[in-house]
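1. coords please:
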Amino acid sequence: MADAALRLTRLFEQLLGVSLPVRIRAWDGSQAGPPGAPALVVRNRRALRRLLFKPGELGLARAWVAGDLDIEGDLYTALDLLAGLIWERGEDARTLGQALRDPAVRSAVRGLVKLAGPPLPPAPPAEEVRRHRGHLHTRRTDKKAISHHYDVGNDFYELVLGPSMVYSCAYWPEPGATLETAQRDKLELVCRKLDLKPGQRLLDVGCGWGSMALHAAREHGVSVVGITLSQEQAAYARKRAADEGLTDRIEIRVQDYRDVRDGPFDAISSIGMAEHVGADRYLEYAQDLYALLSPGGRLLNHQIARRPQSDESAYDVDAFIDAYVFPDGELQPIGTTVTLLERAGFEVRDVEAIREHYALTLRRWVANLEAGWDRAITLTSPGRARVWRLYMAASALSFERNRIGVNQVLAVKTPDPGTSGMPLRARTWN
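-> Residues are numbered from 1 along each chain as shown. Take a look at the predicted model:
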């Protein structure tokens, strides 16, 4: 009798103490759970062994990336339901360890062990980062982490990001606009906030595939130094600059921000880069950028933020993101970012929260990936494509539900006399 789905449903509900909001479809063809709900597809017993050997998010992530788990139905709906059941409850190895004191929970785990089959831990998927030893956020470890995420292949990024090749939150004039229009509007917004003028020097920290450098040089007549730690990004950005005849105004370097020594610059843009800096290095990052600016120069820092915790020392990096997406990436509350920029000497003049814009952006990227799925898996691997689909869809929901946000912070290296060069009203609300 095919009853694995019903047994799994009962065991999971016994473990979690609540009814499952999704259906279960098991490897034997059986199904159980609420009719009409998205289905969590358990393709084989190996998925259970992954969960038993790595309880919590990492075990789920490994099963998803390996293709042992899948979702049938609307991905966003399923993730929204599962978020409240698993991730937001903070179910990890420690909380499960506490739960195992309950005899009923121990019984459920024994049931899972029996259903999972031979007790051998499956190897992690090839896409998982092999953790390095030693200190985080050295030049070497940062370069390795950046390479893991960005050196996936420029063709793959073209498929996901579209013609703009901008890998950060777009700025939407209205929800029905094209992704390319919204990304162009974001780049122009950054340039206007920096008040770029012909002949000025701009440093673009974490320049990606060169989109900001190209827009600033072409539309505002500035000279740009763009820096990245990704060899593939740099090669792509240099070709774009050459194709547009802008090599006299754009220099793309493979360089760490800590090694830039040819300031001063009139302005600095840092768009989606500071998440890689790390909490322990953030003040150093802010001080380095401050030192590179001319008096009166402006910094536009565009950065994802998390919600503050009552005990900040308990903050833990998301296990899936750390293992498969952004190794060593760290988020901090916007208040912390502003404080550290001020400690470095900046005068913070404007903070604009644009989290809803990132949800719209991510949904477009997911749609691009899904539309080009067959090509995506040939350009990378099935596992890598599954990583991207899950992380982008889950991130879209996190922005929509206000679990994380994204902010543009405009800061000035205000000279001692106090003349910031800012207008009395930097912007007006519609």
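2. So for the host helix or strand of R298, what gets flagged as buried?
-> Secondary structure from DSSP states H and E places R298 in strand 293-306. For strand 293-306, the neighbour count (16 or more other C-beta atoms under 10 Å) marks L293, G297, R298, L299, L300, N301, H302, Q303, I304, A305, R306 as buried. For every residue, glycine as well, the C-beta is placed using N, CA and C.
3. Now do the residue nearest to the second one when sequence neighbours are not counted: how many residues are near it, please.
-> Just to be clear, that refers to G297. Excluding the flanking residues, the one nearest G297 by C-beta to C-beta, 6 or more residues apart in numbering is K413, at 5.0 Å. Number of residues near K413 (other C-beta atoms under 10 Å) recorded here: 23.
4. who are the neighbours in contact with K413?
-> Y290, L293, S294, P295, G296, G297, R298, L299, G345, F346, E347 (C-beta atoms under 8 Å, 6 or more residues apart in numbering).
5. confidence score at it?
-> Note on K413: pLDDT of 98.
6. R349 versus that one, what's the distance?
-> 11 Å (C-beta to C-beta, to the nearest Å).
7. Same check on F265?
-> Relative to R349, F265 is positioned 18 Å away (C-beta to C-beta).
8. out of these two, which sits in the busier spot?
-> For F265 versus R349, neighbours defined as other C-beta under 10 Å are more numerous around F265 (24 against 16).
9. Enumerate every residue touching that one.
-> With contacts defined as C-beta under 8 Å, 6+ apart, the neighbours of F265 are R201, L202, L203, V225, L292, L293, S294, G297.
10. Quick check: beta-bridge partners of it?
-> Under DSSP bridges, the beta-bridge partners of F265 are L293.
11. going forward can the numbers begin at 22, since that is how I track them
-> Got it, the first residue is 22 from now on, which makes the last one we talked about F286.
12. what's the pLDDT at it?
-> At F286, the pLDDT recorded in the model is 98.
13. and what of the one 4 residues further on?
-> At S290, the predicted lDDT confidence score is 98.
14. Dump stretch 218-231 to CSV, restricted to CA.
-> Taking Å, rounded to 0.1, in the frame of the first residue of the first chain, the C-alpha atoms of stretch 218-231 are listed here in CSV:
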residue,chain,number,x,y,z
LYS,A,218,28.8,66.8,-13.2
PRO,A,219,31.0,66.6,-16.3
GLY,A,220,34.7,66.2,-15.5
GLN,A,221,34.2,64.8,-12.0
ARG,A,222,35.7,61.5,-10.9
LEU,A,223,33.4,58.7,-9.7
LEU,A,224,34.5,55.6,-7.8
ASP,A,225,31.9,52.7,-8.3
VAL,A,226,32.6,50.2,-5.6
GLY,A,227,31.4,46.7,-6.6
CYS,A,228,30.9,47.8,-10.2
GLY,A,229,29.4,44.5,-11.4
TRP,A,230,29.1,44.3,-15.1
GLY,A,231,29.7,48.1,-15.5
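15. Need phi/psi at S331.
-> Backbone dihedrals for S331, given as degrees, to the nearest 10, come out at phi -60, psi -30.
16. Pull the number of nearby residues for it.
-> Neighbours of S331 (other C-beta under 10 Å): 5.
17. Quick test: name the residue nearest the centre of this protein.
-> Of all residues in the chain, the one closest to the mean position by C-alpha atoms, centre = their mean is F347, 6.7 Å from it.
18. That residue and G242: what is the separation?
-> 34 Å.
19. ok, now M186?
-> Computed as C-beta to C-beta, the M186 to G242 distance reads 22 Å.
20. Neighbour count for those two, which is higher?
-> Neighbours per residue (other C-beta under 10 Å) separate M186 from G242, with M186 holding more: 20 against 13.
21. Kindly provide the distance from the more buried one to L32.
-> Distance from M186 to L32, by C-beta to C-beta: 46 Å.
22. how about the strands in the stretch 172-321 of the chain?
-> Secondary structure of the stretch 172-321 of the chain (DSSP state E, counting those that start in this stretch): strands located at 222-226, 244-249, 271-275, 286-292, 314-327.
23. Please convert these to a markdown table, extending it with distance to L235.
-> Converted to a markdown table, those look like this (distance: least, C-beta to C-beta, whole Å):
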| stretch | distance to L235 |
| --- | --- |
| strand 222-226 | 10 |
| strand 244-249 | 8 |
| strand 271-275 | 7 |
| strand 286-292 | 13 |
| strand 314-327 | 17 |
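24. Select, out of these, the one closest to A68.
-> In terms of C-beta to C-beta, the element of the strands of the stretch 172-321 of the chain nearest to A68 is strand 314-327, at 29.2 Å.
25. Convert the closest one to CSV, retaining C-alpha atoms only.
-> In CSV, the C-alpha atoms belonging to strand 314-327 read as follows (Å, rounded to 0.1, in the frame of the first residue of the first chain):
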residue,chain,number,x,y,z
LEU,A,314,36.4,61.4,-1.1
SER,A,315,37.2,65.0,-1.7
PRO,A,316,35.8,67.5,0.9
GLY,A,317,32.2,68.0,0.0
GLY,A,318,32.1,64.7,-1.9
ARG,A,319,29.1,62.5,-1.7
LEU,A,320,28.6,58.7,-1.1
LEU,A,321,25.5,56.8,-2.2
ASN,A,322,25.4,53.6,-0.3
HIS,A,323,22.6,51.2,-1.5
GLN,A,324,22.3,48.3,0.8
ILE,A,325,20.0,45.5,2.0
ALA,A,326,19.1,45.7,5.7
ARG,A,327,17.5,43.2,8.1
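26. now that strand and strand 222-226, what's the angle there?
-> Strand 314-327 and strand 222-226 are oriented at 30 degrees to each other (axes from the mean of the first three to the mean of the last three C-alpha atoms, to 10 degrees).
27. count of residues packed around the closest residue to T98 other than its chain neighbours?
-> In space, and not counting its chain neighbours, T98 is closest to P59: 5.4 Å by C-beta to C-beta, 6+ apart. Residues contacting P59 under the criterion other C-beta under 10 Å number 22.
28. Quick one, which of the strands of the stretch 172-321 of the chain gets closest to L141.
-> The closest of the strands of the stretch 172-321 of the chain to L141 is strand 314-327. By C-beta to C-beta, the value is 36.7 Å.
29. Following the chain past that closest one, name the next helix or strand.
-> The helix or strand immediately downstream of strand 314-327 is helix 340-341, counting by DSSP H and E.
30. rewinding a little: distance check, the residue nearest to T98 against G50.
-> From P59 to G50 the distance is 18 Å (C-beta to C-beta).
31. residues touching the residue lying closest to G247 once chain neighbours are set aside, list them.
-> Using C-beta to C-beta, 6+ apart and skipping residues adjacent in sequence, the residue nearest G247 is C228, 3.0 Å away. When contacts are counted by C-beta under 8 Å, 6+ apart, C228 is found next to A234, G247, I248, T249, Q254, A258, I273.
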